[in-house]
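Student: after the sequence you'll find the predicted model.
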Amino acid sequence: MRRPERILVVGAGIAGCSAAIALASQGFGVTLVEKQAEWRFQSSGIFIYGNGLEALRAVGVLPRILEAGFAIEDGRNVYLDHLGAPIVDVFYPRSQGGAVPIVGIKRSEMHRVLADRLSALGVEIWLATTVERVDTEGEHARVLLSDGTAQAFDLVVGADGIRSQLREQVTGPLAPRYTGFGVWRSVHERPRALVAKIMMMGIGKRLGIMPIADDRLYLFGTVAEPAGRWYPKEEWPARMRERFAEFGGPARPFLDQLGADSELLYTAVEEVQAPLPWHAGRLLLIGDAAHASTPFMG
Ligand SMILES: Cc1cc2nc3c(=O)[nH]c(=O)nc-3n(C[C@H](O)[C@H](O)[C@H](O)COP(=O)(O)OP(=O)(O)OC[C@H]3O[C@@H](n4cnc5c(N)ncnc54)[C@H](O)[C@@H]3O)c2cc1C
């Protein structure tokens, strides 16, 4: 098979950006299309373990990620009960490549680092652009873009997230499944002494605290939420306070801070796992488009 010359990556999330960087670094011509009109990715934090950090090393951005985020050098994760009494300390291991065990970072910062790398590699990025149709069979994939232009690519990478539009062409109809849990997340100033990941275990609830920068941490709480319920944004601070009202210990000052000016996010968690294979003709699915798991695995 001849080497693909032009590759289209659909979706500029973590998966699409990483794939575009990896492919462009290998000398492929890459175009990245993103349906959002601005390079704006939902805030709050994310934590990345050794395997993810090794992947970021492989695409050449690990030093910048370490600069922008907060590394927990000893991998310490403190488990407490909901009032702050100790349960156990566990230590995440370093990866085989020697990366720190765990890094917390603001998602917007992670995307800034990925964007800089894309730009350094000269990857073409078209914002406010989606794919109307992909014809995947034959010598080239023929792609009709939302701006009305038709283009030919050797390979189309579908990195368009859990609600992937391209997935159907590979797997047939496959909708995400609601897990029964919602996640409440807020960003706060980090007290200097707070340097570990903390997980507080309540009854049917968990509340975590994770540093994400020198001066910031985020609080994330999981709790059962009814299916199909959405809460207006102005209700979020009061609802998050109420959901975790019984929690004390190190989370209490942050819960008390929640108010109209808080940086806060609510997500009803869904999951999807596409059956193998994750490709059809010249279309390949990656990231959440192929396999979106819950964030409760770490
Ligand atoms: C509450 C929560 C917390 C999480 N916490 C962590 C964590 O701490 N650590 C961790 O490793 N993972 C975490 N995850 C999982 C992680 O966030 C996802 O696996 C990851 O962001 C998926 O990246 P992606 O690029 O595949 O998809 P997405 O981030 O969804 O990106 C898809 C992109 O495609 C764009 N797009 C969609 N459709 C189209 C289209 N038709 N045309 C063009 N563009 C399109 C979207 O606008 C978006 O920018 C968490 C998930 C949740 C729900």
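Tutor: Thanks, I have the structure now.

Student: tell me how far the residue nearest to Gln151 when sequence neighbours are not counted lies from the ligand.
Tutor: Distances taken as CB to CB, 6 or more residues apart in numbering put Val143 closest to Gln151, at 5.2 Å, once the chain neighbours are dropped. Yep, even glycine has a C-beta here, placed from its N, CA and C like the rest. Val143 sits 11 Å away from the ligand, taking CB to the nearest ligand atom, to the nearest Å as the criterion.

Student: repeat that for Ile212.
Tutor: Taking CB to the nearest ligand atom as the criterion, Ile212 is separated from the ligand by 10 Å.

Student: hmm, back to that, mind giving me the packing neighbours of the helix or strand where the residue nearest to Gln151 lies?
Tutor: Secondary structure assigned from DSSP states H and E places Val143 in strand 141-145. For strand 141-145, the elements it packs on are strand 131-135, strand 150-153, strand 155-158, judged by 3 or more CB pairs under 8 Å, 6 or more residues apart in numbering; DSSP states H and E.

Student: so what's Leu285 bridging to?
Tutor: Applying DSSP bridges to Leu285 gives these bridge partners: Gly158.

Student: re the thing from before, check which residues of the strand holding Val143 are buried.
Tutor: By neighbour count, and taking 16 or more other CB atoms under 10 Å as the criterion, the buried residues in strand 141-145 are Ala141, Arg142, Val143, Leu145.

Student: try stretch 192-208
Tutor: Taking 16+ other CB under 10 Å as the basis for neighbour counts, the residues of stretch 192-208 that come out buried are Leu194, Ala196, Lys197, Ile198, Met199, Met200, Gly202, Lys205, Arg206, Leu207, Gly208.

Student: and the helix or strand harbouring the fourth one, which strands flank it?
Tutor: Secondary structure assignment for Ile198, by DSSP H and E: strand 197-201. Partner strands for strand 197-201, per DSSP bridges, with pairing direction: strand 76-81 (parallel), strand 205-213 (antiparallel).

Student: quick check, the next helix or strand after the last one touching the ligand?
Tutor: Pointing back at strand 205-213 there. Next along the chain after strand 205-213, taking DSSP H and E as the criterion, comes strand 216-224. No. Contact between strand 216-224 and the ligand, assessed by CB under 6 Å from any ligand atom, is absent, since the two come no nearer than 7.1 Å.

Student: so strand 216-224 versus strand 205-213, what angle?
Tutor: Orientation note: strand 216-224 sits at an angle of 160 degrees relative to strand 205-213 (axes from the mean of the first three to the mean of the last three CA atoms, to 10 degrees).

Student: got the contact list for strand 216-224?
Tutor: Here strand 216-224 makes contact (CB atoms under 8 Å, 6 or more residues apart in numbering) with 44-45, 70, 104, 106, 180-190, 194, 204-212, 240, 243-244, 251, 254-255, 269, 296.
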